[in-house]
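Peer 1: No letters, just coordinates:
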């Protein structure tokens, strides 16, 4: 019988596990969730979307809640790296581009929020953009916001590994299996894994993102208002000379004016991936993303290469932004983002002993440590114990 079980060991769940297992809490904690599949094509269970090498990290954001979460999470990176001896943070800087005209006001708003949180940022005009980043093609009269400090990118796989290593060292029990059922039992809950194991816990914290309702609906008879959207990321393999030319490249967010398929794109700089190759990654939201409403749909999506239209649009956008880019090969990968109605994570008490900390809304990787901390505080104390308003994170149920 554990005091608390965390279901889901992705970026948010692993962070919650680390905080809950700190000696000062006095709690016995189990973290339950499968590891990355060795063979995606044959895997029949749950997938996660942190199986990657690079995610943008930055404070600057148009939403003050997200900006605050990112500032606090970035501030914890150094301590996590030191305690785990795992490097995951690469502060190469972050550049946000605004198209001429309408984007200026938005950029000023983002800058004001960042400055209030102490982000080291500077506005850069079109001429200075061209001088600092000659390999990028900027539209006429474009404006930029450049953030230094801890901005850049993180390795999400390595961050999860670091969180779990610290949690285990603090006494947390790691069970690398998928939970397939959750039921009330005695003074708490009985969790059943895919192999038939039963784990008992007095309290449960759900951090299973797109798979959360598969467990909650049978338990509570209703489902959270979570929408799972299918996204695709594209990877351009670069040779050594091209990677060296782009060595000083920051992470980027770039709205696209007039693109028929994509609202904007983001990129991370050339980075070596586990296969030993160097890739420049690009992603970006379609105007309309397909949704994944069932476990079967999720499985089919993760077994494929992604959306062909999205792949083609991202390849074209990358070649337009970096003219003359010499791509040795292209690769793509499907991922799934889970969204909430208020565009913040759900961190809430759902029932006696039952808590949720999930829904990254496509923005949670950089802030995952702080989101996990909020969920850990809630599960530990049974009530809201955080200085940002609980209403910003309140869970909503499907009609």
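Peer 2: Yep, it's here. All of these numbers come straight from a predicted model, not from anything done at the bench.
Peer 1: C-alpha from now on. contacts and neighbour counts both.
Peer 2: OK.
Peer 1: where in the stretch 51-200 of the chain is pLDDT low?
Peer 2: Low-confidence segments of the stretch 51-200 of the chain, defined by pLDDT under 70: 100-104.
Peer 1: how many other residues sit next to residue 138?
Peer 2: When neighbours are defined as other Cα atoms under 10 Å, residue 138 has 22 of them.
Peer 1: can you pull the contacts of it?
Peer 2: 126, 129, 130, 321 (Cα atoms under 8 Å, 6 or more residues apart in numbering).
Peer 1: where along the stretch 101-250 of the chain do the helices fall?
Peer 2: Per DSSP state H, counting those that start in this stretch, the stretch 101-250 of the chain carries helices over the ranges 103-116, 126-132, 156-169, 212-220, 240-245.
Peer 1: Buried deepest among those helices, which one?
Peer 2: The highest mean neighbour count among the helices of the stretch 101-250 of the chain, using mean count of other Cα atoms under 10 Å, belongs to helix 156-169: a mean of 22.
Peer 1: distance between that one and the chain's centre?
Peer 2: 15 Å (Cα atoms, centre = their mean, to the nearest Å).
Peer 1: outside of it, which residues touch it?
Peer 2: By Cα under 8 Å, 6+ apart, helix 156-169 touches 9-11, 14-15, 17-19, 21-22, 50-55, 80-81, 83-88, 174, 365.
Peer 1: List only those of the residues you listed flagged as buried.
Peer 2: The neighbour count (16 or more other Cα atoms under 10 Å) marks 9-11, 14-15, 17-19, 21-22, 50-51, 53-55, 80-81, 84, 86-88, 174, 365 as buried among the contacts of helix 156-169.
Peer 1: Just those: which are in strands?
Peer 2: 55, 174 (DSSP state E).
Peer 1: Go through the buried ones among the contacts of helix 156-169 and flag which are in helices.
Peer 2: 11, 14, 15, 17, 18, 19, 80, 81, 84 (DSSP state H).
Peer 1: Next up, the contacts around residue 58.
Peer 2: Contacts of residue 58 by Cα under 8 Å, 6+ apart are 70, 71, 74, 94, 147, 150, 151, 152, 153, 366.
Peer 1: Residue 235 and residue 25, how far apart?
Peer 2: 42 Å (Cα to Cα, to the nearest Å).
Peer 1: Where does the record place the domain boundaries for this structure?
Peer 2: Following the assignment in automatic domain parsing, the chain carries domains at 2-51+156-226+341-393, 91-155+227-339.
Peer 1: With distance to residue 62 as extra columns, can I get those domains in CSV?
Peer 2: Converted to CSV, these look like this (distance: least, Cα to Cα, whole Å):
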stretch, distance to residue 62
domain 2-51+156-226+341-393, 12
domain 91-155+227-339, 5
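Peer 1: Indicate which one of the ones you listed is closest to residue 63.
Peer 2: Checking the domains of the chain against residue 63 by Cα to Cα gives domain 91-155+227-339 as the closest, at 8.0 Å.
Peer 1: what distance separates that closest one from the middle of the whole chain?
Peer 2: On the basis of Cα atoms, centre = their mean, domain 91-155+227-339 sits 14 Å off its chain's mean C-alpha point.
Peer 1: Repeat that for stretch 67-81.
Peer 2: Taking Cα atoms, centre = their mean, one finds stretch 67-81 lying 14 Å from the centre of the chain it belongs to.
Peer 1: in the stretch 201-350 of the chain, which spans are strands?
Peer 2: Using DSSP state E, counting those that start in this stretch, the strands of the stretch 201-350 of the chain run over 227-238, 251-255, 264-272, 278-283, 327-339, 346-351.
Peer 1: Mean pLDDT and mean neighbour count added to these, as a markdown table?
Peer 2: Below are those laid out as a markdown table (pLDDT from 0 to 100; neighbours: other Cα atoms under 10 Å):
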| stretch | mean pLDDT | mean neighbour count |
| --- | --- | --- |
| strand 227-238 | 97 | 23 |
| strand 251-255 | 94 | 21 |
| strand 264-272 | 96 | 22 |
| strand 278-283 | 97 | 23 |
| strand 327-339 | 96 | 18 |
| strand 346-351 | 98 | 22 |
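Peer 1: As JSON lines, those strands with distance to residue 190 would be great.
Peer 2: As requested, the strands of the stretch 201-350 of the chain are exported to JSON lines (distance: least, Cα to Cα, whole Å):
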{"stretch": "strand 227-238", "distance to residue 190": "27"}
{"stretch": "strand 251-255", "distance to residue 190": "44"}
{"stretch": "strand 264-272", "distance to residue 190": "42"}
{"stretch": "strand 278-283", "distance to residue 190": "39"}
{"stretch": "strand 327-339", "distance to residue 190": "26"}
{"stretch": "strand 346-351", "distance to residue 190": "15"}
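Peer 1: Those strands: which one's closest to residue 34?
Peer 2: Per Cα to Cα, nearest to residue 34 of those: strand 327-339, 16.5 Å.
Peer 1: which residues sit against the closest one?
Peer 2: Applying Cα under 8 Å, 6+ apart, the set of residues contacting strand 327-339 from outside is 48-49, 209-210, 226-239, 301-302, 304-307, 311, 345, 359-362.
Peer 1: With stretch 122-135 instead?
Peer 2: With contact meaning Cα under 8 Å, 6+ apart, stretch 122-135 is reached by 136-138, 140-147, 246, 249, 322-323.
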